[in-house]
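Visitor: Quick one, what's the 3D model for this:
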Amino acid sequence: MRHASKAAELVSRLNEIIGRMTAWLVVAMVGLTLYDVVMRYLFRSGSVALQELEWHLFALVILFGTGYTFKHGDHVRIDLFYAGDRVSDRQRLLIDIAGNLFFLLPFATLIIWSSVPFAYDAFMRAEVSPNPGGLSQRWLLKAAIPAGFVLLALQGIADTIKGIIELMRKH
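Guide: Here you go, the predicted model:
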């Protein structure tokens, strides 16, 4: 169990680092959006590539921020079952473990399984934006889909391991 605990901690640290780096993408996205708006509305000069880059940064923030968000417990939960005094800490742990095993991990696995061929196909075809003046290397963004869900799944596994250890320690 000690090795599992160390692995879970390593995954948590990885998601912490990636989450903090992803936060800087938000700053870049805001700056880029501000620049794009000023150029478009004050100088009547827009860029398709900049607009696509804004969308791509937003997608990266979402995809790479999910593991970090999950790690910190800031994700969406069904408060009907989870919140309040009706549920003990032990029951919350059981709900978390069950949610991870029966909902999060199967969903993340499905997304990873279905998005890898999607990204691979984009890579093999050297897919670029269909818009004139758009970005090239679109496969990089598509490869972020399985990567982001791998980080989320790993964090789900890490939290499940931590939850099981906590249950064993309290029992």
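Visitor: For this protein, give the helix that spans the most residues.
Guide: Longest helix of the chain, by residue count under DSSP state H: helix 2-43.
Visitor: which secondary structure elements does it contact?
Guide: Using 3 or more C-beta pairs under 8 Å, 6 or more residues apart in numbering; DSSP states H and E, the elements in contact with helix 2-43 are helix 48-71, helix 138-170. C-beta: built from backbone N, CA, C; applies to glycine.
Visitor: Flag the helix or strand of the protein with the lowest per-element mean pLDDT.
Guide: helix 79-82 (a mean of 69; mean pLDDT, DSSP states H and E).
Visitor: mind putting the helices and strands packed on helix 2-43 in a markdown table, distance to M124 and mean pLDDT included?
Guide: As requested, those are exported to a markdown table (distance: least, C-beta to C-beta, whole Å; pLDDT from 0 to 100):
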| stretch | distance to M124 | mean pLDDT |
| --- | --- | --- |
| helix 48-71 | 20 | 95 |
| helix 138-170 | 8 | 95 |
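Visitor: surely E166 meets R92?
Guide: No - assessed by C-beta atoms under 8 Å, E166 is found out of contact with R92, at 10.1 Å.
Visitor: Turn the helices and strands packed on helix 2-43 into CSV, columns for mean neighbour count.
Guide: Putting those into CSV (neighbours: other C-beta atoms under 10 Å) gives the following:
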stretch, mean neighbour count
helix 48-71, 18
helix 138-170, 19
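Visitor: Relative to R125, which of those helices is closest?
Guide: helix 138-170 (8.1 Å; C-beta to C-beta).
Visitor: Report the angle between the closest one and helix 2-43.
Guide: 140 degrees (axes from the mean of the first three to the mean of the last three C-alpha atoms, to 10 degrees).
Visitor: packing partners for helix 138-170?
Guide: Packing partners of helix 138-170 (3+ C-beta pairs under 8 Å, 6+ apart): helix 2-43, helix 48-71, helix 89-99, helix 105-124.
Visitor: hey, which of those helices is tucked in deepest?
Guide: Across those, the average number of neighbours (mean count of other C-beta atoms under 10 Å) peaks for helix 48-71, which reaches a mean of 18.
Visitor: Who are the packing partners of it?
Guide: Secondary-structure packing of helix 48-71 (3+ C-beta pairs under 8 Å, 6+ apart): helix 2-43, helix 138-170.
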